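>>> Predicted model and sequence below, questions to follow.
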Amino acid sequence: MNTWGPLFEPILVFFNLLILSYFVVGNGVYTALMVISLRAIWLHSRRLAYRGLSELRGSSLTPAVTIIVPAWNEERIIVETVRSTLRVNYPRLSVIVVDDGSTDATLKRLATAFKLAPTDQIYYPILDTSPVRSFYSNPHIPNLLVVHKQRGGKPDALNTGINLCGTPYFCCLDADCILERDSLLRLMDPILSSPKETIVSGGIVRIINGCTGRHGQIVNLGLPRTFLERFQVVEYLRSFLTGRNGWSLVGGTVIVSGALALFQHKAVMEVGGFSADTVTEDMDLIITLRRWAAENKHDIELAFTSDPVCWTECPASRAMLNRQRRRWQLGLCQTMRKHRGMLFRRRYGMVGMFSLPFHLYVEGLGTLVEFLGYLLVPLSLFGGFISPALLILFILLGLAYGGFLSVGAILLEEMTYRRYPRTRDLWVLLAYAMLENVGYRQLVLFFRVQGILKFLVGSHRWEKVIHAGQSLADLTPADAHRSTGKAG
Amino acid sequence: MALVIPNLQLLTSLARSALAIVAVGTLALAAGAMVLRRRHDRLESRVKSLCAYYGLTPTGLLQGRYSAQCLARLRTLPLLNLELLLEPLLLKCASSPPLATALQELCLELGLIDIWQRRILGQFAPVSFGQALSSPDGLLHFFPHLHFLLRARSARNLGLLRHSASWPVLAMALDDPHPDVQQVALRSLAALREPQSFPGLVDRLDKTFTENRSGLSLYSLKAAMAKFPPSQALRLLPTMRHPHPWVRSAAVEILLDMAKREPAGTQALCQYKSVFDRELAKLASDPDPEVGRIAAELIAHLGLVEASSFVGQGLRNPASRGQLESAV
C-alpha cells in the first residue's frame, strides 16, 4: 500500500472533503428547513382554529374543480378511488378518469360499478395527446366522465384530462390514492385567501398501509406491520412536514407531489401541460411553471399547506420499493438535466440560485458521493489513511444526525396534527425514526444509485409500482371492522 | 465513510462534541414528543370532565341547565380555562343557531364578549405565568407578535355567536395589521349580516385595486358580501359601474350569489327589477367578456325582460356572441 499511497492520497483527500461538504450542506440545510417548518407548521395548526372552510363549502363563488385520475391497469383499486373521489366535500366538483389503454379490467370495472354507458363528447385536444377512443358516463352521476384512450403514458393521460377540463382549477390524483373529504377545500383555501395569484397548491401525502376504512374513507388510523412500510411512514412525515414545507416557506418549492396538487388550468395550458420528457412529470411541471413565471415576469405563488391529506399505498416489498425509488432518482436526474439552464441564474430567484443547485448536489450527486463513501471506507482504512476512531465517530454522527431529523419530524407531527392517536404508535414511530438510518437508508441509497445508472445509460422507462392493493381494498365495508384508533 | 483530513485531533474532538450534541438533541426531541402526547391526553380528559361538571354541553346549554350556582362557579375560573372549556361548544355554534344564542347569553353573563371585543382592539388583560401554563395557547399572551392569533380567534368567536352588536369592532378589525385578523373579521361580519356594515365593505371592494390597504383577497370580499341579505343589493349599483372590470364582475357575482343562496333571494332582487334591468343590460354588452358572461347569467336567473333583449341582440352580433352564448 505504501507504493500506492502517494497516488491515492490526493484523490482520497478530495473525496473526503466532498463527503464532508455533502454532510455539512445536506444536514445543515435540512436542519434549517426543520427549524423553519417547526414554527410555520405550529402557527398553521393554530390558524386552523379560525379557518373558514364551511364558508368555502357553502359558497357558489368557490371556483369549480376537476379531479383528473389517470389510470393504467388499476383494476384492483380504481373503483374505490373513484368512489372516494366522488365523496369529496367540495361545492362544484367534476371527476375525469382517464383510462390510458389499460389491458386489464379497469374500464370494465368502472363501467359496472358506476353503470356507465358510452356517450358522445365534443373533444378539442389543445394539448397533443394520443387518440381518445371513447367516453363513458352515467346521467345519474353527471359529474363523472370516463375517457378511454390509446396508451400514451401518465403525462399523456393527464393532458387528455386537462384538455377535457372545463374548470379554472384541476387536481391530479393518482389512481392508488384516497383523498380526505375536506382536502380539496383545504387546498383551495390558500388560493382564495391570498391577495396574490396562486397557481399551484399542494398538500401532504400520507401512507395508508395499516389503516382501515369504510365507503372509500379512512376511519381507523394505524401503523403498517412490516419494517419496510413503517420506515416509509417516517420518511414521508420527514419529507412532507419538514422538507417540502420548509422549501415552500423560503420560496424554493420545486416538488409538489403529483398525488395531491391543485393547479390553475390556464397556467398549465400556457406551459403546454405535463411533459413526457421525464419520468417525474409532477416535478418537471412545477419547475416549468417557475421558469415560465420568471421569464414572463408573472408575480405568482406556489402554496404548500400541511393539512390537506391524500392517502396512498406505499410499496410493501423491496422489489416495488426499488422500482419506485429508481424512478424517482431517474426523474430527478432527467429534470435537472432538462432545466440545467436555470442553475445559478438570478432571474429564477430562490429556485435557480439555491433550491435547484441544492437538489442537484445533495439529492442528485450526493447519492453517488454517499454510495462511493461506503465503498471507499475499507480502502481508506486498509491504506491507513484514516484513523479508525474518527471513522467510527463520523459514521455515528451521520447516523445520529439522520435520526435527529426524523425524530424532529415526528415531534412536528405531535405538535400539530397528531394523526396516530395511540401512544404506542408514537413510541413505534420514534423508534423507527432513530433506526431509519441503519439499514433502510442504505437500501434506499442502493436503489437510488440504480436510478442514476439508468439515467447514465439513457433509460426512459416509466416503471409501474404494483401495489398489493390490500390497504385500499380495506376501505370496503367488509373489512371495516379492524380497528387501531380513530382518524383525525 | 472515508475521511483523511489534516489536523486529525481537532477533527476528532469536533466530531465527538457534535455527536454528543446531536444525541442529546435527538433524545430531547423524542422526550418532547412524548411529553406533548401525555399533556394533550390529560388535557383532553380534563376538559371533558370539567365540561360535564359545569354542564357545558350542547344539550345542557340548550335546556338552560346551568344554574346560578354553576354560573358563579364558572366566574371563579381563570379566563384562559374558561375559554378552553367553551372552545368545543363554540365550534358547534356554526351548525346550530339555537346553541349560538344560548352560548351568546352565557358569554355575555361571563363578560367574555367584552373581553373578546377589547382583545380585537389590542387591549389584552394581564395573564399570570401559572395561568398561561394551564392552557395550550396560554403562552401566546407573552409574545406580542403572536397576539394576532388571539385577536383572530376573538373575532371568530363573535361571528360564531352571531353577536350583532359587535359589528363596529369587527369592522375596525378589517384594518388590523395582520391579514388573518382581517380575514376572520370579514367572515364574522358576513355571519352577522348586519346591514350597517355593508357600505364599508362596498367601499373596500371599490378600492380593491386602487388602495393597497388590506390583505383581503377579492374572493374573500365577494364571498362575505354575498352572504348579506338581498335588501343590500341596491348599494352595489355604483360598483356595477366601476372602471375596473374585475370589480364590476365581482358586484354582479355577489348579486348572483345572493339570488341563488336562498329562494327568497331571487324574489327580493326582483323587487328592484327596473333598476337592475337597465344596469344589467349595459353590463351584458360589457367590453370585458367575463363581466358580460356573469351579467347574462344573472339576467337569465332573474328573468329580466329588457336586459334579455340586449342579450338577444348580443347573440345576433358575432363579436359578442361567443362571450354570451355559454351563459344564456
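Alright, I've got the coordinates.
>>> Tell me the residues of the stretch 201-328 of chain B that contact chain A?
B:215-220, B:222-223, B:226, B:253, B:256-257, B:260-261 (Cβ under 8 Å from any Cβ of the partner chain). All C-beta spots, glycine's among them, are computed from the backbone N, C-alpha and C.
>>> Looking at the chain, which helix is longest?
Looking at chain A here, since you left the chain open. Secondary structure of chain A per DSSP state H: the longest helix is helix A:5-47.
>>> wait, I meant chain B there
Chain B, longest helix under DSSP H: helix B:8-54.
>>> could you check whether that helix is close to chain A?
Yes - against chain A, helix B:8-54 shows contacts by Cβ under 8 Å from any Cβ at B:8, B:11-12, B:15-16, B:18-19, B:22-23, B:25-26, B:29-30, B:32-34, B:36-38, B:40-41.
>>> Could you check the angle the helix or strand that contains residue B:153 makes with helix A:5-47?
Per DSSP states H and E, residue B:153 falls inside helix B:147-160. Between helix B:147-160 and helix A:5-47, the angle comes out at 30 degrees (axes from the mean of the first three to the mean of the last three Cα atoms, to 10 degrees).
>>> Flag the shaky bits of the stretch 51-200 of chain B, pLDDT-wise.
The stretch 51-200 of chain B contains residues with pLDDT under 70 at B:64-67.
>>> Tell me where it has helices.
Remark: helices assigned in the stretch 51-200 of chain B by DSSP state H, counting those that start in this stretch are B:58-62, B:68-76, B:79-93, B:97-110, B:112-120, B:129-133, B:147-160, B:167-173, B:179-192, B:198-206.
>>> export the ones you listed to JSON lines and tack on mean neighbour count?
Shown next, in JSON lines, are the helices of the stretch 51-200 of chain B (neighbours: other Cβ atoms under 10 Å in any protein chain shown):
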{"stretch": "helix B:58-62", "mean neighbour count": "15"}
{"stretch": "helix B:68-76", "mean neighbour count": "12"}
{"stretch": "helix B:79-93", "mean neighbour count": "19"}
{"stretch": "helix B:97-110", "mean neighbour count": "17"}
{"stretch": "helix B:112-120", "mean neighbour count": "20"}
{"stretch": "helix B:129-133", "mean neighbour count": "12"}
{"stretch": "helix B:147-160", "mean neighbour count": "24"}
{"stretch": "helix B:167-173", "mean neighbour count": "20"}
{"stretch": "helix B:179-192", "mean neighbour count": "26"}
{"stretch": "helix B:198-206", "mean neighbour count": "18"}
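>>> Pipe those helices into JSON lines and attach distance to residue A:133 per row.
Formatted as JSON lines, the helices of the stretch 51-200 of chain B follow (distance: least, Cβ to Cβ, whole Å):
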{"stretch": "helix B:58-62", "distance to residue A:133": "55"}
{"stretch": "helix B:68-76", "distance to residue A:133": "68"}
{"stretch": "helix B:79-93", "distance to residue A:133": "49"}
{"stretch": "helix B:97-110", "distance to residue A:133": "52"}
{"stretch": "helix B:112-120", "distance to residue A:133": "60"}
{"stretch": "helix B:129-133", "distance to residue A:133": "65"}
{"stretch": "helix B:147-160", "distance to residue A:133": "52"}
{"stretch": "helix B:167-173", "distance to residue A:133": "56"}
{"stretch": "helix B:179-192", "distance to residue A:133": "47"}
{"stretch": "helix B:198-206", "distance to residue A:133": "48"}
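>>> picking that back up, show the buried residues in the residues of the stretch 201-328 of chain B next to chain A.
B:215-220, B:222-223, B:226, B:253, B:256-257, B:260-261 (16 or more other Cβ atoms under 10 Å in any protein chain shown).
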